[in-house]
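K.L.:
Sequence plus predicted model, see below.
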Amino acid sequence: MYALLATGPESSTVLVELRNDDGTVAAPAQTIERSQLGSAVQSLEATHHPRWVWDRAIHWYPGLLADGIRVEKCHDLALCQNILQYSEFAAATGYQQNFTPLPPEVDPARGSSSIYGAQAGQESLFDAPPSSSTPVSWDLAAVARELVAQKTAIASSTHPARLTLLLSAESAGALVAAEMHYEGIPWREELHRRLLNDLLGPEPANFAHPEKLEALAGQLRTALNAPSLNPDSPQDLMRALHRAGIETKSTRSWELQEFKHPVIEPLLNYRKLSRLFTTNGWNWLQQWVKDGRFHAEYVVGGVVSGRWASRGGGAMQIPAQIRHAAVADPGYSLIVADAAQLEPRVLAALAQDTAMAAAGGDAAGNNKDLYAGIAAEGFDGDRSMAKVALLGAIYGATTGDSGRLVPQLARMYPRALDFVEQAARAGERGERVTSYLGRSTPPTSQEWRDGQRSTNAAEQRRAEQAARSRGRFTRNFVVQGTAAEWACCWLAELRRRLRVLAASAAVAPDFSGDGAAQPGTPQLVAFLHDEVMVHCPDHLIEEVKQIVHESSRAATELIFGKIPLEFPVNVSVVQCYADAK
DNA sequence: CACGGGCGCGCG
DNA sequence: AAAGCGCGCGCCCGTG
């Protein structure tokens, strides 16, 4: 059963239409006042548990979540269109020549684009629910048309089952992302403030710099004999360093570390603290943490490879330094799980390299550290060497330690290395490459293709460089993209099982001090490429750990079927995110 | 003064 | 150990 949701003829109304799985109308479109949308969705969810079909989950779901309503499944037309419009699997279906592009997203949290432009998103996160500023959505006819077009494209594609799985996982991702944003990562503001105070000094007034940062800047000016030095200016800094006899080519930390000079230590210290202050300091706290939660904002499919991106708070780049402030509520724990060596394992599966798969565990399901397994086979047991070599192969390293180790790996695992090599060659020729479930690279730009046809020597050199660069991109794309698919399926399976657990009686016996029943359900609160975090009531820890492992096995089988390779996950149960792993 | 590229560095 | 993939963010600085 599908439930199509679209803006009505008047923007204060919404149309809902029920359709059977074969596309026939089950119940004619019903007009609903926006204010009544929540209860209408809830009752349909209870009676029909339909798959909600909407232009974008991000336009509808945050408002429903704010009303306390969650749905089981959806079809996000925009995310699916984004995949189908490039997928090589659907190249011969006619969809890519004929689809109607959806209007661009308007971020509901930020409201209209004019507000976004005018005040740089300040307090944007906590503005009124999106229903008040919902942008132009497709009308019901357009939603119905696009759904049919997409289903037709999938059915007539070269791999209908894979595309179906990919699009359903992507749509589930849209629900998870909205729910994670709604829930937020538990964040102890007072711990964060204490940390800032210890490292930077008291919170500065207005736009001043913290005193410890100013003190370090003073030390730098003295040590370099440069009274007007602005340490934030790379040019300024470079000149001062050269005057002091430090002949560095850049001002990157790892390069500066090589020099012996009294200015280096305070400079690196300044760098570290300056970054903390500007990126994750008091301003960040004020803007992103509310009522003990960091409301991370995720962009599903925001990366070409299908990985998620994040927006605003740097949700996917939380530095280790401030993870001390992410602490579970009393009576709860953080369950932090990450897939072990996800990309190398994905490569072994893609290339069907049984030798590499065997290095990651045996047929009996005894999983090994894949890097250690490879190291034992050919790198004298040196795990870090094996890791550098394998990542180098996936990234296309040609020089340095990594590049030197790749040939050894190629002798050991010719199938795996050949697989990424083929992807690289295809990319260099300007061809598209595709992940296992069917996400393809966008086509090359006109500019790129023109460059490849150039005749003069200097331009040809540039073109070859551009070709090699695209080769590294496509080489990595097939692995990173398939890894993102695995992670998305894992997440979708995890969500489904957590919903079942939450609905079961197991969660009932949890009462707060005042006697009111607290649902106390485990919540997915963060996702970082190959890692998830669940904020979990203590009495459900064992069940959730089990679910995390089951979901990993389910994801692997959904994508690859039965293969002699597992995707083990490491699970830590901690109070504080900084203690994970 | 707004914008965008470059840089440096955080994450995977 | 330090060059090879994908990102976001904040700052500097040149351009229009």
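P.N.:
Cool, the structure landed. Numbers count the residues shown, from 1 in each chain, chains lettered A, B, ... in the order given.
K.L.:
residues in contact with residue A:8?
P.N.:
A:14-15, A:31-32, A:139-140 (C-beta atoms under 8 Å, 6 or more residues apart in numbering). Heads up, the C-betas are built off the backbone N, CA and C, glycines and all.
K.L.:
Around DNA strand C, which positions in the stretch 351-500 of chain A sit nearby?
P.N.:
Applying C-beta under 7 Å from any atom of the strand, we find that the stretch 351-500 of chain A lies next to DNA strand C at A:388, A:391-392, A:395-403, A:469, A:472-473, A:476-477, A:480.
K.L.:
so how far is DNA strand B from residue A:240?
P.N.:
From residue A:240 across to DNA strand B, the span is 13 Å (C-beta to the nearest atom of the strand, to the nearest Å).
K.L.:
actually residue A:290, not the one I wrote
P.N.:
With C-beta to the nearest atom of the strand as the criterion, residue A:290 and DNA strand B are 22 Å apart.
K.L.:
That residue pairs with what?
P.N.:
residue A:293 (DSSP bridges).
K.L.:
Residue ranges in the stretch 201-350 of chain A under the pLDDT threshold?
P.N.:
Residues of the stretch 201-350 of chain A meeting the criterion pLDDT under 70: none.
K.L.:
For the stretch 451-581 of chain A, which segments count as helices?
P.N.:
A:457-503, A:541-560 (DSSP state H, counting those that start in this stretch).
K.L.:
can you list these in TSV and add mean neighbour count and mean pLDDT?
P.N.:
TSV is the format used below for the helices of the stretch 451-581 of chain A (neighbours: other C-beta atoms under 10 Å; pLDDT from 0 to 100):
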stretch	mean neighbour count	mean pLDDT
helix A:457-503	20	95
helix A:541-560	18	98
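K.L.:
Tabulate those helices in CSV, adding columns for distance to DNA strand B.
P.N.:
Converted to CSV, the helices of the stretch 451-581 of chain A look like this (distance: least, C-beta to the nearest atom of the strand, whole Å):
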stretch, distance to DNA strand B
helix A:457-503, 6
helix A:541-560, 15
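K.L.:
want to throw these into CSV with distance to residue A:353?
P.N.:
Putting those into CSV (distance: least, C-beta to C-beta, whole Å) gives the following:
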stretch, distance to residue A:353
helix A:457-503, 12
helix A:541-560, 13
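K.L.:
Look at the spatially most distant residue from the centre of chain A and give its secondary structure.
P.N.:
Distance to the chain centre peaks in chain A at residue A:225, reaching 44.9 Å (criterion: C-alpha atoms, centre = their mean). When classified by DSSP: H, G, I helix; E, B strand; the rest coil, residue A:225 comes out as coil.
K.L.:
Who are the contact partners of it?
P.N.:
A:243-244.
K.L.:
domain parsing for chain A?
P.N.:
A:1-182, A:189-288, A:342-483 (automatic domain parsing).
K.L.:
Now do the longest one: distance to the chain's middle.
P.N.:
Meaning domain A:1-182. 20 Å (C-alpha atoms, centre = their mean, to the nearest Å).
K.L.:
Just checking that domain against DNA strand C, any contact.
P.N.:
No - using C-beta under 7 Å from any atom of the strand, domain A:1-182 stays clear of DNA strand C, with a minimum separation of 8.4 Å.
K.L.:
end to end, how far does that domain reach?
P.N.:
27 Å (C-alpha to C-alpha, to the nearest Å).
K.L.:
average pLDDT across it?
P.N.:
For domain A:1-182, mean pLDDT rounds to 87.
K.L.:
Go ahead and report the secondary structure state at residue A:442.
P.N.:
When classified by three-state DSSP, residue A:442 comes out as coil.
K.L.:
count of neighbours near it?
P.N.:
By other C-beta atoms under 10 Å, the residues close to residue A:442 number 9.
K.L.:
for it, what are its contacts?
P.N.:
Shown in contact with residue A:442 (C-beta under 8 Å, 6+ apart): A:86, A:304, A:432.
K.L.:
If we only consider the residues you listed, which is nearest to DNA strand B?
P.N.:
Nearest to DNA strand B among the contacts of residue A:442: residue A:304, at 11.8 Å, using C-beta to the nearest atom of the strand.
K.L.:
Hmm, the closest one is touching residue A:476, no?
P.N.:
No - using C-beta atoms under 8 Å, residue A:304 is not in contact with residue A:476, being 10.4 Å away.
K.L.:
which residue sits closest to residue A:148, ignoring its sequence neighbours?
P.N.:
Sequence neighbours aside, residue A:23 is the residue nearest to residue A:148 in space, at 6.3 Å (criterion: C-beta to C-beta, 6 or more residues apart in numbering).
K.L.:
Can you tell me how far the closest residue to residue A:21 other than its chain neighbours is from DNA strand C?
P.N.:
Spatially, and ignoring its direct neighbours in sequence, residue A:21 is nearest to residue A:1 (6.8 Å; C-beta to C-beta, 6+ apart). According to C-beta to the nearest atom of the strand, residue A:1 stands 35 Å off from DNA strand C.
K.L.:
One more: residue A:87?
P.N.:
Counting by C-beta to the nearest atom of the strand, the gap from residue A:87 to DNA strand C is 17 Å.
K.L.:
How many neighbouring residues does that residue have?
P.N.:
The tally of other residues near residue A:87 (other C-beta under 10 Å) stands at 28.
K.L.:
check contacts around it.
P.N.:
By C-beta under 8 Å, 6+ apart, residue A:87 lies in contact with A:157, A:163, A:434, A:438-440.
K.L.:
which SS state does the residue nearest to residue A:148 fall under?
P.N.:
Applying three-state DSSP: residue A:23 is coil.
K.L.:
Ramachandran coordinates for it?
P.N.:
Taking degrees, to the nearest 10, you get phi 100, psi -10 for the backbone angles of residue A:23.
K.L.:
measure it to residue A:144 for me?
P.N.:
9 Å (C-beta to C-beta, to the nearest Å).
K.L.:
With residue A:410 instead?
P.N.:
Applying C-beta to C-beta to residue A:410 and residue A:144 gives a distance of 52 Å.
K.L.:
same check, this time on residue A:445
P.N.:
34 Å.
K.L.:
try residue A:574
P.N.:
Applying C-beta to C-beta to residue A:574 and residue A:144 gives a distance of 47 Å.
K.L.:
Close to DNA strand B: what parts of chain A are there?
P.N.:
Contacts of chain A with DNA strand B, taken as C-beta under 7 Å from any atom of the strand, map to A:117, A:234, A:238, A:250-254, A:271-272, A:275, A:316-321, A:338, A:480, A:528-531.
K.L.:
Looking at these, which are in helices?
P.N.:
Under the assignment DSSP state H, these contribute A:117, A:234, A:238, A:253-254, A:271-272, A:275, A:480 to helices.
K.L.:
List just the nearest of these to DNA strand C.
P.N.:
Distances from DNA strand C to those, taken by C-beta to the nearest atom of the strand, are shortest for residue A:254, at 4.1 Å.
K.L.:
what's the burial count for the closest one?
P.N.:
8.
K.L.:
picking up where we left off before, more crowded one of residue A:23 and residue A:144?
P.N.:
Using other C-beta under 10 Å as the criterion, residue A:23 and residue A:144 rank with residue A:144 on top: 20 against 12.
K.L.:
give the contact list for that one.
P.N.:
Counting by C-beta under 8 Å, 6+ apart, the residues that residue A:144 touches are A:4, A:17, A:19.
K.L.:
likewise residue A:359?
P.N.:
Residue A:359 touches A:368, A:370, A:373-374, A:376-377, counting by C-beta under 8 Å, 6+ apart.
K.L.:
right, and out of those, which lies closest to residue A:39?
P.N.:
residue A:370 (50.4 Å; C-beta to C-beta).
K.L.:
pretty sure that closest one contacts residue A:341?
P.N.:
Yes - using C-beta under 8 Å, residue A:370 is in contact with residue A:341, at 4.3 Å.
K.L.:
ok, so of the ones in helices among the residues of chain A next to DNA strand B, who is nearest DNA strand B?
P.N.:
Closest to DNA strand B, out of all of these and judged by C-beta to the nearest atom of the strand, is residue A:253, at 3.3 Å.
K.L.:
so who does the closest one touch?
P.N.:
Residue A:253 sits next to A:268, A:271 when contact means C-beta under 8 Å, 6+ apart.
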